[in-house]
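Participant: sequence and predicted structure, then a few things I'm wondering about:
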Amino acid sequence: MSLTVDPSAVKVYTVNGEASGSSSSLPDWLTRKREAKGKGKRVIREHIEGTVELIQHFDFPEASNKVKTTRDGHHAIATGTYKPQIKTWDLDQLSLKFERHTDAENVDFVMLSDDWTKSIHLQNDRSVELHTQGGFHYRTRIPRFGRALAYHFPSCDALFAASGPEIYRLNLDQGRFLSPLILQGEGGEGIAGVNVIDINPAHQLFGFGVEGNGTVEFWDPRSRSRVGILHLPRDRLMPINSFPKAALPGVDDGTQPAQLSVTALSSRADGLSYAVGTSTGHTLLYDIRSARHTAIKDQGYGLPVKNVSWIEGGSRMAGEGYVLSADKKVIKIWNRNSPEVNFTSITPANDLNDVHHVPGSGLLLLANEGIKMTSYFVPQLGPAPKWCSFLENLTEEMEDQTTRTAYQDFKFVDRNELTKLGLDRLVGTPALKPYMHGYFVSLELYDAARVIANPYAYAEHRERMVQEKMEKMAETRIRSRKNTAAAAVKVNKALAEKLKKEEARMRKHEERKAKRAHVQPEEDTMEVDKEGDEEETPAQGAAGLLSDPRFAAVFQDPEFEVDQNTREYALLNPSSVTQRQSRDPGRPRAKTAVEEEEEESDKASSDPLSESEDESEDNKNGSESEDSDNAGELWQDNIRARIAARDSGIEQGRAARAARAAAPRREPKVRLVPLQAQNDTGGHGVDKNATFGQRRSQPGPKDKSRASTGRDSSVRHTVGGGLEVTFIPKTSSSGNDYDDDELGSGPAGKKGGKGAVKRKGVESFGAGMERGGEDPDHEMSETEREGRTKRRQGMRSGSKNTFRRM
């Protein structure tokens, strides 16, 4: 036994078949019953204990067509397929009594007796079968395919509605067919067929629901003639400009308006009220004394109404006059006085074929397109029948328990939350049930995993609640008025400061420009175009960017924060990155010698007139030398002011040049080596312009100078106060000076002695014989030099060591 999912609605219990709405709202794994075959005893016991089947074997191999109960209330009879068969259940025993097979599928049947023993059946092959207690009794045929069947007990006439205007009558007392009732319609138009027959239980008036023209014809069985016709409101029921699909091209091309048909008809026991179901999914209530409907109900799906019935007795609520209307998708029970509100709505798991309400109770029997037939019990609609009175106790026990929905034992989590809880390793195991974009996990397992993943969940929740309460209390405090624009800036503060500085700078510029325009005489001012004043200045644009709500997210949303450490930012803003690096005290950058020389040369070669004009402009205007054309405005030229400024600038330029001439001129530090070597024969020192090879080839100083100085050196004082020292490097690490004339003399010159100097490139062999080496007296020309000793030609060059000493 299962209950509806919505606890606030009228409780509907499923006592047979699949639960209401299980095909659409619940997952398949939650409603699918496990097969008991091949399972253990525990599984079989759980399946039996957890399932309530009110009537055993209440099913058909494929589908069921019609279901009814006998008037004595002890048996239920249903027809179904496949194979076409009739089944009878003994309701006192809640089990199947017998089943019979037929040659054709059943369309409709009527119980002729108060019990199950006599019945008449209309088959889909135009045959009519009579069944008795012993089985099949008699078969006959009607001229057309039948659609509905009814039995008039006073005259023993069986009425058959077919695909035509005739209503065939078979008298079971005489055992023969009587003349049929022919429906003429309004104005004698043709009738395609009759869908339903109703016989009023109070005055036995025949009601026929006609196909196509949307009418209900009432006939008197005594005169066998029509006594009235009821027209349905076609304009109210049919949609505007509705046309059917073309059935037969060339014959029925679909240009005719869609037809309105009556598909269900039921009369109330009071003899005055009728309920009419249409092919558009509407149910209309009529009083037989009026041609205007008293209520209208829309099923909502636009499908033909299959069943309409009045629910009488059983409870105080049912006594108010409830109506049951059903199409193949939904069953709706509603009050005839307020059709806009549903008493309850039931959506079966399978398409519906027939609904039967057990009189005086709240039990509904359904024939559907599924294997199992369905039964619903609605306690508020009426009590349980006598043969299943135990349902009352079961429902009372379930109402006393806590209401539990289908999802209460499970928790739905997505993949991200599953990873946070550390349960992603359980993917693919029975502990996780995949559903949509996540999984269903047992509620107990979810609670345990959440506590393990975050043991301080309660403390965090408590702290969060306290913080929210404190913030709520702080809202009542008196606050000072703050700058809303500054408070709104949460990210990109550097950009906001830049915009503010730009705004302040442009504001000052506008003030200075207005002040200059006010000071200048009006007669000297040239007339210029003022269109630039009407345009928006950059300052106004910068201010608008901070206050414009369209760009509020740039200064509030962290997603728009500019990361200045990324490579993309450096490529787009190279100057900003360079300035930020230069401001870093850990990495100071000094000017190179070339940059200093270029700076000096630029200063020395500058135009005196331009210098004077620039200096005069700088001295006069100061910070006001900024370009005034930023906002698109033309510069207001004052000729007289320019002439005066030029004259004063010339005088100032002359004074500046005189001051620079009196000051000592700074010489560049770069020493350039000439292309050709110069010999200095007049001085004692070595020529500073000579190359290293020329200096190497010069003869060394005398011994007395060596004794006085201790080394060969030449000292020269430069003009700037510097000191240049030129020396001859040593040829060995022995500490003794090397001289070609003294190789054989002295202790260091002894052959084979300790400390003997070995010349580079000289190989000694034999008794005092040598091979290799160079002649120190021979000076190599530029063409003989190779490798590092050869000078560069055709260009200016400088010693690398010279730049290193700078």
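Facilitator: Looks like it came in fine.

Participant: please make it C-alpha for all contacts and neighbour counts, starting now.
Facilitator: Noted.

Participant: what comes up buried for the helix ranked longest in the chain?
Facilitator: Among the segments of the chain that qualify as a helix by DSSP state H, the longest is helix 493-519. When neighbours are counted by 16 or more other C-alpha atoms under 10 Å, the buried residues of helix 493-519 are found to be Ala496, Leu499, Lys500, Glu502, Glu503, Met506, Arg507, His509, Glu510.

Participant: closest to Glu53 out of those residues?
Facilitator: Taking C-alpha to C-alpha as the measure, Ala496 is the one of these closest to Glu53, at 73.9 Å.

Participant: pLDDT wise, what is Arg660 at?
Facilitator: Per-residue confidence (pLDDT) for Arg660: 69.

Participant: where does the stretch 651-800 of the chain have low pLDDT?
Facilitator: Low-confidence segments of the stretch 651-800 of the chain (pLDDT under 70): 651, 659-715, 717-721, 723, 727-761, 765-768, 771-800.

Participant: then the stretch 301-450 of the chain?
Facilitator: The stretch 301-450 of the chain contains residues with pLDDT under 70 at 313-320, 400-408.

Participant: all helices of it, in order?
Facilitator: Along the stretch 301-450 of the chain, counting by DSSP state H, counting those that start in this stretch, helices occupy 390-400, 415-421, 443-453.

Participant: which stretch among the ones you listed comes nearest Leu265?
Facilitator: Distances from Leu265 to each of these were compared using C-alpha to C-alpha; the minimum, 31.6 Å, belongs to helix 390-400.

Participant: OK, contacts around Leu172?
Facilitator: Cys156, Asp157, Ala158 (C-alpha atoms under 8 Å, 6 or more residues apart in numbering).

Participant: for the second one, which non-adjacent residue is closest in space?
Facilitator: Spatial nearest neighbour of Asp157, excluding adjacent residues (C-alpha to C-alpha, 6 or more residues apart in numbering): Asn171 at 4.4 Å.

Participant: mind checking how far that neighbour is from Pro304?
Facilitator: Distance of Asn171 to Pro304, computed by C-alpha to C-alpha, to the nearest Å: 32 Å.

Participant: more neighbours: those two, which one.
Facilitator: Each of Asn171 and Pro304 had its neighbours counted (other C-alpha atoms under 10 Å), and the higher figure belongs to Pro304 (21 against 16).

Participant: the closest residue to that one other than its chain neighbours: how many residues sit nearby?
Facilitator: If you skip the residues right next to it in sequence, Pro304 has Ser279 as its closest partner in space, 4.0 Å away by C-alpha to C-alpha, 6+ apart. A total of 23 residues lie near Ser279 under the criterion other C-alpha under 10 Å.

Participant: surely Ser279 and Met238 touch.
Facilitator: No: between Ser279 and Met238 there is no contact, the gap being 9.7 Å when judged by C-alpha atoms under 8 Å.

Participant: overlap in contacts of those two?
Facilitator: Between them, Ser279 and Met238 share the neighbouring residues Leu260, with contact defined by C-alpha under 8 Å, 6+ apart.

Participant: flag every buried residue along the longest strand along the chain.
Facilitator: Longest strand in the chain by number of residues (criterion: DSSP state E): strand 338-346. For strand 338-346, burial by neighbour count (16+ other C-alpha under 10 Å) applies to Pro339, Phe343, Thr344, Ser345, Ile346.
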